[in-house]
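Trainee: What would the 3D arrangement of this be:
(chains A, B, C, D and E)
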Amino acid sequence: MTAPLVASSAGDVLVWVVWVAAAFACVASGVAVISFRNPFYSALALIGNLASLAVLYLLLAAELVAAAQVLVYAGAVVVMFLFVIAYLGGQADAPWAGGPNVQKLASVLASAAILAEIVAALALKAGDRLSRAAQVSSAFGSPRRIGQLFLTDHLLAFEITSVVLLVAAVGGVVLGSHARRVDEGEEG
Amino acid sequence: MAVALATPPVDWLALSPALVLLGASSVALLAAVLLPPARRRPVAATVTALAFAGALACASLLLDRSPRAEPVIAGAVVRDRFGALAAAIVAGAGLLSVGVSYGRRFRKHNAEYYGLLAASAAGMAFLVTADNLMAIFLGLEWLSIALYVLCALDVDLRGSLEAGLKYLIVGGFGSAFLLFGFALVYGATGELGLPAIAEAVSARGLEGDALLVAGLGMVLAGLGFKASAAPFHMWTPDVYEGAPTPVTGFMSAATKTVAVVLAMRLLATAFPAQAELWTWAVAGLVVASLAVGNLAALVQRNLKRMLAYSSVSHAGFLLMGVAANSALGAKALLYYLIPYSAMSIGAFAVVAARERELARPVTLDNVAGLGWERPLHGVALWAFMLGLAGMPLTGGFVGKFYVLSAVYNRGWIWLVIVGLAATAVSLYYYLGVVRAIYMQTPGELGIAPAGGSPPRDLALDAAILLCLAVTVASFFAVEPIIDLAGKASAALPL
Amino acid sequence: MIAAAWVALFLPLAAAVAVAVAGQAISRRAAGWLATAAVAGSFVASLIVLAEMLSRSASERSQTSVAWSWLTAGQLNIDLSILVDPLSVLMMLVVSGVGALIVGYSIGYMDGDDEERRFFAYMAFFVFSMLLLVQGGNLLLLLAGWGLVGLSSYLLIGFWHHRPAAVAAAKKAFVMNAFGDATFALSLFLLIQKTGALDYASVFTQAARLSDTVLTLVALGLLGGAVAKSAQLPLHTWLPDAMEGPTPVSALIHAATMVTAGVYLLVRTHPLLELAPEVQDTAAALGTATVLAAGLVALVQTDIKRVIAYSTMSQIGYMFLAAGLGAYAGAMFHLMTHAFFKALMFLAAGVVIHALAGEQDMRRMGGLARLLPKTCAAFLVGSLALVGLPPFAGFFSKDPVVAAALARGGYLGDALFSAALAGVFLTGLYAFRMVFLVFSGEPSPFVRERLHHDHGEGPRVMLGPVGALALLSVAGGWLQARYGEHGWGAVSTWLQPVAEPVVEATAGQEIVVSVLGAASGLAGLAVAWWIYGARRAPAPRPLPALERKLFFDEAYDALFYWPAAATARALYAAVEEPLVAGSIEGISAGVRRLGQATRALQTGLVRTYALVIAASLAVLTVVLVAVR
Amino acid sequence: MAGPDPTWYLALAGFLFTIGALGVLLRRSPLIVLLSLELMLNGANLALIAFARHLGDEDGQVFALAVMAVAASEVVVGLGLIVAMARRRLALDVDEMRSLRG
Amino acid sequence: MGQGAWITDGLVLLPLAGALLCWLSPLPRVAVGVVALALSLGEVALWAGALARVDFSQGLTVQLEERAEWFGDLGISYHVGLTGFSVWLVGLTAVAMAAGVGYALWAGRERARAYFGLMLFLTAATVGVFVAQDYLLFYVFWEAMLIPLYVLVGVWGGPDRLAATLKLVIYTMAGSLLMLAAIIVLGLQNGTFDMVESPPSSSVWLFLGFAAAFAVKAPLFPFHGWLPDAYRQAPPEVAGILSGIVSKAAAYGFLAIAILRFQGHTVRDVQEAVLALGAIGLVYGSLLAFRAPDARGVVAYSSLAQLGLITLGLFALNLAGFNGAVLQMVNHGLISTALFLLCGVVEQRAGSGHFSLLGGMARGRPALATLVMTTGVIALAVPGSTAFAGEFLILTGVFDQGYGWAIVGAGAMVLAAMYMLRLISAILHEGPRSAGATRGPDLRLGELGVLVPLLACLLVLSAWPAAVTSHTFGQTKETPALAKGGR
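Mentor: Now for the predicted structure:
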């Protein structure tokens, strides 16, 4: 625990290997998402990203979240993306094309600054408790536990989530509806 | 293994304003599907208006029945007068907005419009009572998503879609930061509930914790974004201009109310230990907002855009109440929100009326002579402009006076001076509107007055009259309102 | 007695107001008679005051009456009060008496002018102002009257307001008098500061304990006012120009009464002046200088009224001399006789001008003796009195003044005496130059062509006052004929309780002066006859300096008017436009530019918006983490 | 089950978040911008879950699930907007959306 | 509260109610004007009632006061009352506003309901400034004055009215906001905003905050950038009110707040500086008035000069100065109103107030000539006039603070003669320089009805200036400013 890079057992080594692979995949697919010219490929890269994240979630004992990540996110959301992209046809732009150069430079600088801050904040904290993970039971993050939480402590959040989804659905319908429906018979 | 689920007791009254609105939203959406086209708009509007009135009543009841702040539903929300008063303001703003909207006919989705309006208001009514980070995030998204759609709803209007997409992108960007900030706060303290965060900080000596402070910074940015405080304001002018005018009015009043009330609650409840940090940060936002909002408004010709920048500068004034971090500040904030909401909605309402008459964007040029052609609108707009400028005989003056007093008591006389300098600059454009509507005639500008007189829009006129009444009455009847605001702000740990 | 004095004061005001308010409801002639009657009424009231005063012992003749508090501030209290004493009664009589004659004369003179009513209202108002000046019970009321006579003078000089010259002259008179008012007022401030009061009694009793500096400053301020009002050097230039007014105005205001107010002031405030002897000497010196300068300039003037105007300055110079020397009775006596004969001369000149349809240039006149015999006689009487030949009034009044200079002795006294004598010579010269130019010889072609034969020398209403004044000019001097202890001195005795003289000439000095004075006057007369009457010698070419009136006008233009105008222009160009107006515009333009710059940041590019959010957040977080 | 301690996860989360932010800042296609927003939310989610693990507190996971739903909602609305724009023949380029500015 | 409080309330509420009546009732055009005039005259009558009830021996004590909580948590109340000197300014307001309304009624104004309503509203606000006994209330009335003025100038003004109004409002507001800052600080420090209860302040900064507002509104010398345009572009009666009454609100503020509500030593610290501004303004205004090319320009700059003079009197910090200043405020208020109305009359006939187009208007117009001449000579403070009395007392007062100030003041009297005579002559004398100046009729009955009462007030005051000066402060020496300063 005090020396995290020194594996204390074979299981640890495996975890490390998986972590490194997943982390690499995560970063690589993330970069791919914002680098492809074609949104279609970006969307596909996002699936990879989500999958690698699911792996990481598993490592973090978040089974339900990992499952949801794959099923809901990769399975539903990104597929919706793909449908829309397919519907719209391949409109593409070069990642670095257009816009003022100041914008690009400043964007990189600002992003780098934010990253540096996050990392610095973590580093300031790293020697402290942050490097230790809590001891948790095997039930930690299980669907049952999460489900319990959703019905007890986070009952309201659960309900609100559904409301948000409902509102979004209505919004999506309103915006995307194709029907030439005209209310009240007013002029078209 | 069967687990006995200890479902938390639900305090329905605490949620009633949001629930009433949510219910109305559902009814309106059902109306959009079930009713014949001709009846959708009146039914949906009526239902929504009744719901806003109901929400107002519920909020008033809540205000009366919540002498002590108490967490309800497992601490997700808190039942207190602070939230109740804010919810009442939101409900009032919504009611006025329905009046403003009624005369506006979209090519389609008339009923959905009211449904979404009620839905976003429900989100707001919920958010002002939210007491943990998750509820806050969800509440924010709730109202935001509804607003994204509302902004883009009038797809025929030039710029409406652009406004919607811009709002969505920048809004999504902002809420991502807010979320990351929440994550950091959560990580630093291990708590999601606002009072719990403060307790954890004091219990574990996390006052200067790097993660917590970094999270605080991101939270501030996210809140600043919602309140359209500079430098996080940049979406505001574009979205306000592009969105349908009633929506703009509603956003400028209700969204801002919610954002500053939330900021007050969040910062005061969760971060009392970092007050020295965030009060200064908020003061920075105040200065930036006052500077940017007023300077940019100075050179606008489009009235909606000008009012958008004016709302940026008002974010500055409102945040003064937050920056003061005192009972007086919270009181000032709550007081100020009442006339501010009325003035803001009222101003956009007059713009909406003119827009309907001219069928083109309202600029300073084409409101020339409005004051004489439409006496009610003219007088009202005059009052709203004076109120926004903080001139006496409107509640805007008292509000400004209170927030300035609050920052003075915080020891920041420099901020008082900044606020007053900003007021001096703002006069130029507020009075520019008065000048346009009364002192210039269409003939002078070579613009023919709009032909004929538009159909009377009673709902709109009633809304304007109501706004006017609130604007003026809040000046004369300071005592009862400020008492209310004082009681409400007592709920916060200030 | 006091009631009569109040009546005397307010009767003319009432007439003025009545004429002004009635407007066209009364005829022009009625307005004239109303004004005349009111002024005459004042005279009658003054006579009543005099009579009552005569019935009292000398020490009980002074009486104050308060109407109400006029101006107050804390401890300071200035009443609206009148003071009736021998000095003010003398002035009241002169003012209302001569005033009544002249106003009456005006009925004829102004006949036919289309704004006669206004004229009479102004005249009556003037008499009120002048009476306020002489009756006012404290220095502030004196100053009030002082200002109001200036105002009346302004109104009457500019009476013919369509004439640019008249308007300019009126303004000039007022502004120069305002200078005097200002110095007068300053001395009052000083008095209030030091004594806390302005009524004569308190001021005079407290004067003794004031420091020399204060007294000198106060006296200088008063002298400044007197000099301006009485057209003495160096504030005299307005008086000749004031002749643009109608002739009765010149007679009443610019000869008989208002211009002598300075003398009245010096006499009235003599207890103060006596405590500042340098200032008294200055007054005497200024007066004497004016005697000479005005006499010289009068020699070359061609306008009949201007000659008389310069002569007035010169004569007032004598009065200043007397007042400065402390011969108060002499000053007042000369003031009185001067009022008679100078008014006479003006009125007679007015008849001439009237007869010639407004012509005032002496070079075009001549030979009028035969055509206007009564006028000629009157003018001659006036001139003789002016020169001071016995037995005319001027002889009795001027000689004591010159004698007083002799009596003062010392270098200054001797110098003043010599100058005063020279002045008498000049007086004889210019007065008779005028007489000969106007009246002697054959009528000039101009006169023959322009003279109105039909109305003779004028209506009775004009000739009556002329006759009365001629009578007074002859007999007026006999009120006082005194050589040392011999003879009688009604005026001196009368004024004794008010103004104890400082110098008194001996009988011998008086006699010497009488002889020398008469001789100088005669000499002047003779020279004038030689050149202008008999034309035995060609008229000498006038010196340019004299023709240009010793360059005073030019000097004032250069010293005051142009600097003021130039300063105003410069201030406008250097301060008002660029700084005061420019600063607003500059600031507002700057703010607008800032606004444009802010606006330019709002590019419309949503990526920029996000960038600004990200960058601001980065900065905000860095700062927060750094200072936490 | 040992392994990398939470700091590593958090650093990764920061990386992912930043990549997403960079995408929003650099890309002009609204679709890719939406995808980038997803990356940012996922970065935040990873942080939440890592903290949950670190703290041994499942609230973070619950939060992450809620965020997922929110992300989906945003996508729905965003895609709706993009479709509406495409239907009105508006260029799918955020840099072209400049009719509102100043 | 106090005896007769109703009368103070009435002074504010009567015109306010009148304004609402004008705006809301569907009266025809002329009727609105008549109603407004009647109400204005009613205000004058009400003032007379107040005048009779004020105890002048307690001139500095607030009398006939009314007090009601407004927002109690900060100690702010609706507290109004009259003092020995404010009652005169209220009277001035009532009289001058009545004249303004009367003139407007005669001259006829477009959009009569709005116009007369605004005039009455302005009356209420101005009276409010003079009766307010709470700092915030004072500020409220102070700003409320600006609102109707803005519209009155902007809507009914001359061709360049827009720029003029903007300058007027922004400039004066900039000053006022500094005052608001000072009020906030003062009130929160004291825990009450009540003027009577607050202890005198000793902060120079707060003094400067108040002074800024008053110096701009008056205006004093370098702060008069708004003045020429506003006075030229406003309708004549509004210009008259602006220079006659509104500027007095500033002078009143100097006296009632900047002097009487501050510690004597604080005021004396800045005394010299303010005196210098006043003196510079006096000379500067006089010189520029002498140069101005039009009638209103002369009156405008003369107003600047007069306010400088009044400031001299106030900051003499002794009773002579105070009394003189109050008297001169009343005088100048009446004079300025009358002069601007006369400018309006003349402009209406000649079509312009530019001197190159005027002249010769005395011929055949005795009434006009008489009024212009009388007002003019009173304006130049001819000795014996009430303006002279005021100036005399002011200079007497300031003489105590240094001979120099009084010498400057006396010099300015000469300059005043120069510019006023120039104005009079340019209008009345010599030949007419334009057709309008030739043809226009003499004053009509309505114009006389407005101007003659104003002039009558001036003449009555000339006969008895002590009517004001004996009934202001009493013999008191209790004010902080006087305690250690003047005699």
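
Trainee: For D:A91, the count of nearby residues, please.
Mentor: 13 (other C-beta atoms under 10 Å in any protein chain shown). In this view, the C-beta of every residue, glycine as well, is placed from N, C-alpha and C.

Trainee: likewise E:A48?
Mentor: Residues near E:A48, counting by other C-beta under 10 Å: 12.

Trainee: residues contacting it?
Mentor: When contacts are counted by C-beta atoms under 8 Å, 6 or more residues apart in numbering or on different chains, E:A48 is found next to E:G91.

Trainee: Also the one 3 residues further on?
Mentor: Residues in contact with E:L51, defined by C-beta under 8 Å, 6+ apart, are E:87, E:91.

Trainee: Which helix or which strand is home to it?
Mentor: helix E:29-53 (DSSP states H and E).

Trainee: Run a quick neighbour tally on C:L54.
Mentor: Per other C-beta under 10 Å, the neighbour tally for C:L54 reads 11.

Trainee: Equivalent analysis for C:G366, please.
Mentor: Residues near C:G366, counting by other C-beta under 10 Å: 20.

Trainee: Please report phi then psi for it.
Mentor: phi 130, psi 140 (degrees, to the nearest 10).

Trainee: Would you check how far apart it and C:K305 are?
Mentor: Per C-beta to C-beta, to the nearest Å, C:G366 is found 17 Å from C:K305.

Trainee: circling back: past the helix holding E:L51, which element shows up next along the chain?
Mentor: Using DSSP H and E, the helix or strand that directly follows helix E:29-53 along the chain is strand E:63-71.

Trainee: Show me what that following strand is packed against.
Mentor: Contact here means 3 or more C-beta pairs under 8 Å, 6 or more residues apart in numbering or on different chains; DSSP states H and E; on that basis strand E:63-71 packs against helix B:478-489, helix E:5-24, helix E:29-53, strand E:76-82.

Trainee: could you redo the last one with a cut-off of 10 Å?
Mentor: helix B:395-409, helix B:478-489, helix E:5-24, helix E:29-53, strand E:76-82, helix E:86-107, helix E:112-131, helix E:135-156 (3 or more C-beta pairs under 10 Å, 6 or more residues apart in numbering or on different chains; DSSP states H and E).

Trainee: what's the angle between the helix holding E:L51 and helix E:112-131?
Mentor: Using axes from the mean of the first three to the mean of the last three C-alpha atoms, to 10 degrees, the direction of helix E:29-53 lies 10 degrees away from that of helix E:112-131.

Trainee: How about helix E:29-53, which residues are buried there?
Mentor: E:29, E:32-33, E:35-37, E:39-40, E:42-44, E:46-47, E:50-51 (16 or more other C-beta atoms under 10 Å in any protein chain shown).

Trainee: Lowest-confidence member of those residues, which is it?
Mentor: Here the lowest pLDDT out of the buried residues of helix E:29-53 sits on E:R29, with 81.

Trainee: Skipping its backbone neighbours, what lies nearest that residue in space?
Mentor: Of all residues not flanking E:R29 in the chain, E:A112 sits nearest, at 4.3 Å (C-beta to C-beta, 6 or more residues apart in numbering or on different chains).

Trainee: repeat for C:L368
Mentor: Among residues not flanking C:L368 along the chain, C:F439 sits closest, at 5.0 Å (C-beta to C-beta, 6+ apart).

Trainee: looking at it, the one you found is touching C:G366, isn't it?
Mentor: Yes - using C-beta atoms under 10 Å, C:F439 makes contact with C:G366 at a distance of 7.8 Å.

Trainee: Looking at the buried residues of helix E:29-53, which one is closest to chain A?
Mentor: Nearest to chain A out of the buried residues of helix E:29-53 is E:R29 (C-beta to the nearest C-beta; 41.9 Å).

Trainee: Next up, the contacts around that closest one.
Mentor: By C-beta atoms under 10 Å, 6 or more residues apart in numbering or on different chains, E:R29 lies in contact with E:105, E:108-113, E:115-116.

Trainee: Most neighbours out of those residues, which is it?
Mentor: E:F116 (29 neighbours).

Trainee: What residues does it make contact with?
Mentor: Here E:F116 is in contact with E:18-19, E:21-23, E:27, E:29, E:32-37, E:39-40, E:101, E:104-105, E:109 (C-beta under 10 Å, 6+ apart).

Trainee: before we move on, the earlier item: may I see the helices and strands packed on strand E:63-71 organised as CSV, with distance to E:G376 added?
Mentor: Listed next are the helices and strands packed on strand E:63-71 as CSV, based on distance: least, C-beta to C-beta, whole Å:
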stretch, distance to E:G376
helix B:395-409, 42
helix B:478-489, 48
helix E:5-24, 31
helix E:29-53, 25
strand E:76-82, 33
helix E:86-107, 17
helix E:112-131, 26
helix E:135-156, 25
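
Trainee: Would you tell me which helix is longest in chain B?
Mentor: Criterion DSSP state H: the longest helix present in chain B is helix B:327-358.

Trainee: Is the very next helix or strand once past that helix in proximity to chain E?
Mentor: Using DSSP H and E, the helix or strand that follows helix B:327-358 in sequence is helix B:370-373. Yes - using C-beta under 10 Å from any C-beta of the partner chain, helix B:370-373 reaches chain E at B:371-372.

Trainee: separation between B:A359 and B:L157?
Mentor: From B:A359 across to B:L157, the span is 11 Å (C-beta to C-beta).

Trainee: the more surrounded of those two?
Mentor: B:L157 (19 against 8).

Trainee: if I read this right, that one contacts B:T248, doesn't it?
Mentor: No - if you go by C-beta under 10 Å, B:L157 and B:T248 don't touch, sitting 11.5 Å apart.

Trainee: Determine the residues that are contacts of both of those two.
Mentor: Common contact partners of B:L157 and B:T248 (C-beta under 10 Å, 6+ apart): B:163, B:242.

Trainee: hang on, the earlier thing: identify whichever of the helices and strands packed on strand E:63-71 lies nearest to C:T603.
Mentor: helix B:395-409 (31.3 Å; C-beta to C-beta).

Trainee: list the contacts for E:L393?
Mentor: C:71-73, C:76, C:78, C:192, E:313, E:316, E:319-328, E:465, E:469.

Trainee: redo that, cut-off 8 Å
Mentor: Counted by C-beta under 8 Å, 6+ apart, E:L393 has contacts C:71, C:73, E:313, E:320-321, E:323-324, E:327-328, E:469.

Trainee: ok, how many other residues are close to residue 101?
Mentor: In the absence of a named chain, chain A is used. 8.

Trainee: Hmm, no, I was thinking of chain E.
Mentor: When neighbours are defined as other C-beta under 10 Å, E:V101 has 31 of them.

Trainee: Quick one: the strands in the stretch 1-150 of chain C, in order.
Mentor: Secondary structure of the stretch 1-150 of chain C (DSSP state E, counting those that start in this stretch): strands at C:63-73, C:76-84.

Trainee: any residues touching the longest one, and which ones?
Mentor: Strand C:63-73 is touched from outside by C:1-2, C:5-6, C:77-85, C:137, C:140-141, C:199, C:201, E:319-320, E:322-324, E:389, E:392-393, E:396-397, E:464-466, E:469-470, with contacts defined as C-beta under 8 Å, 6+ apart.

Trainee: try 7 Å
Mentor: With C-beta atoms under 7 Å, 6 or more residues apart in numbering or on different chains as the test, strand C:63-73 has contacts from C:1-2, C:77-84, C:137, C:140, E:319-320, E:323-324, E:389, E:393, E:464-466, E:469-470.

Trainee: close to chain E, is stretch C:218-236?
Mentor: No - Stretch C:218-236 stays clear of chain E (C-beta under 7 Å from any C-beta of the partner chain), getting no nearer than 9.5 Å.

Trainee: what comes up buried for that stretch?
Mentor: C:218-233, C:235-236.

Trainee: Also stretch B:329-337?
Mentor: B:329-337.

Trainee: just checking, what's the longest helix in chain D?
Mentor: Scanning chain D for the helix with the most residues, using DSSP H, yields helix D:59-87.
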